[in-house]
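[1] sequence and predicted structure, then a few things I'm wondering about:
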Amino acid sequence: MKTRQLLLKLAKKFPKRYAKKEGDFVGLMTGKLPEEIHNIVLCLDFDWQVLPFIEEKKPDIIITHHPFIYGSKFKVFKLDKSKEALCQKVDDLGIPVYSYHTNFDRGKDGMNDALAEALELGNVYSPVGESMMRIGYLKEEMPIRQFANYAKTKLGMDYGLLLTNGRPMIKKVGIIGGGGSKYWPIAKEEGCDIYISGDAPHHIRRAMVNENFNYLDIPHEVEKIFMPQMKKILLEIDPSLNILTVDYQKLPEVI
């Protein structure tokens, strides 16, 4: 498929302006785009662990969720020589790296729609003023600890951190994948029984406790749902694309 045609179709679903609102870095990270794209590798992060797979498969493009270079190359490489060396490696291979981050999180059928679907939430919507969050309803309410185990299973996570200071029964759920814990007041204001996100620092957890609000903190790796979701979208655009996914990231061990 013509590269320009493919990227334009993706841009309609996940426009860069969604990311600019957050001061995010998306789009072409490094390299030169080919005229046509037939073979694609999808990964959550492009790093040294992915490189051997790229060297073997030699795709036309690498599409990541997390930005490969977060900022200008000059500033990033000044502090991160390992990243600079990896960038040189992939540039030498002639394979561009393209990232869809906050625009994928916010966009329809993107990250948070996929997570809401995985939880089998109904009547899903985004609250006014926060298009990244998805809020929906369980088919049947359930006790909070039962829900936490349900959510872990549905989202493919081995563990989570649960705050149980709010309502004992769960029906209305808010979610943002990755590090969206700071948005919890919106979920509370919307009347959610629990909010799910990740990377919550101590002071945010304490704020939720003091506001008697339930929260489930899940690993950032839950965003690996990016790969099957983006693959589905790409194949809807062009069923002839050859798409490979790299899911190598293991959760840290609980000790």
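    Thanks, I have it.
[2] ok, now how distant is I170 from D60?
    Look at I170 and D60: by Cβ to Cβ, to the nearest Å, they are 44 Å apart. The C-beta positions use only the backbone N, C-alpha and C, and glycine is treated the same way.
[3] swap that for K231, sorry
    15 Å.
[4] more crowded one of the two?
    D60 (20 against 17; other Cβ atoms under 10 Å).
[5] pLDDT score assigned to that one?
    D60 carries a pLDDT value of 99.
[6] from T3, how far off is it?
    Taking Cβ to Cβ, one finds D60 at 8 Å from T3.
[7] and for K73?
    On the measure of Cβ to Cβ, K73 and T3 end up 22 Å apart.
[8] just the strands in the chain please.
    27-30, 39-43, 61-64, 97-99, 122-125, 134-143, 161-163, 169-175, 194-197, 215-217, 242-246 (DSSP state E).
[9] tell me which of K73 and T3 has more neighbours.
    The neighbour count for K73 versus T3, taken as other Cβ under 10 Å, is higher for T3 (16 against 13).
[10] for that one, what are its contacts?
    T3 makes contacts with L33, P34, E35, E36, I37, I61, as judged by Cβ atoms under 8 Å, 6 or more residues apart in numbering.
[11] thinking again about what came up before, and of the strands of the chain, who's closest to L7?
    strand 97-99 (7.8 Å; Cβ to Cβ).
[12] helices or strands next to that closest one in the packing?
    On a contact count with 3 or more Cβ pairs under 8 Å, 6 or more residues apart in numbering; DSSP states H and E, strand 97-99 meets strand 27-30, strand 61-64.
[13] mind listing what's buried in the first one?
    In other words, strand 27-30. Within strand 27-30, the residues scored as buried using 16 or more other Cβ atoms under 10 Å are M29, T30.
[14] who's in contact with it?
    16, 64, 67-69, 73, 87, 90-91, 96-99.
[15] again, 6 Å this time
    With contact meaning Cβ atoms under 6 Å, 6 or more residues apart in numbering, strand 27-30 is reached by F68, I69, C87, V97, Y98, S99.
[16] quick one, which of these are buried?
    Looks like these have F68, I69, C87, V97, Y98, S99 buried, using 16+ other Cβ under 10 Å.
[17] what's the closest of the residues you listed to I255?
    Nearest to I255 among those, counting by Cβ to Cβ, is F68 at 31.0 Å.
[18] quick one: the nearest residue to that closest one once chain neighbours are set aside from L161, how far?
    Among residues not flanking F68 along the chain, M29 sits closest, at 4.0 Å (Cβ to Cβ, 6 or more residues apart in numbering). M29 sits 32 Å away from L161, going by Cβ to Cβ.
[19] which residues touch L251?
    D158, P219, E221.
[20] list the contacts of the last one.
    Residues in contact with E221 (Cβ under 6 Å, 6+ apart) are Q249, L251.
[21] what does the pLDDT read for it?
    The model reports E221 with a pLDDT of 96.
[22] now the first one
    Per-residue confidence (pLDDT) for D158: 93.
[23] swap in S131?
    For S131, the predicted pLDDT is 87.
[24] I'd say I176 and R134 touch.
    No - using Cβ atoms under 6 Å, I176 is not in contact with R134; the gap is 7.6 Å.
[25] who touches both of the two?
    Here I176 and R134 share the contacting residues N112, scored by Cβ under 6 Å, 6+ apart.
[26] residue contacts, L241?
    Counting by Cβ under 6 Å, 6+ apart, L241 touches L234.
[27] ok, it to N39 distance?
    Distance, L241 to N39, using Cβ to Cβ: 8 Å.
[28] now the contacts of T3: which count as buried?
    The buried subset of the contacts of T3 (16+ other Cβ under 10 Å) comprises I37, I61.
[29] max pairwise distance over the contacts of T3: which two?
    Put simply, by Cβ to Cβ the two of those set farthest apart are E35 and I61, 11.7 Å from each other.
[30] re earlier: make JSON lines out of the strands of the chain and add distance to K188.
    Shown next, in JSON lines, are those (distance: least, Cβ to Cβ, whole Å):
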{"stretch": "strand 27-30", "distance to K188": "34"}
{"stretch": "strand 39-43", "distance to K188": "34"}
{"stretch": "strand 61-64", "distance to K188": "32"}
{"stretch": "strand 97-99", "distance to K188": "31"}
{"stretch": "strand 122-125", "distance to K188": "16"}
{"stretch": "strand 134-143", "distance to K188": "11"}
{"stretch": "strand 161-163", "distance to K188": "12"}
{"stretch": "strand 169-175", "distance to K188": "9"}
{"stretch": "strand 194-197", "distance to K188": "7"}
{"stretch": "strand 215-217", "distance to K188": "10"}
{"stretch": "strand 242-246", "distance to K188": "35"}
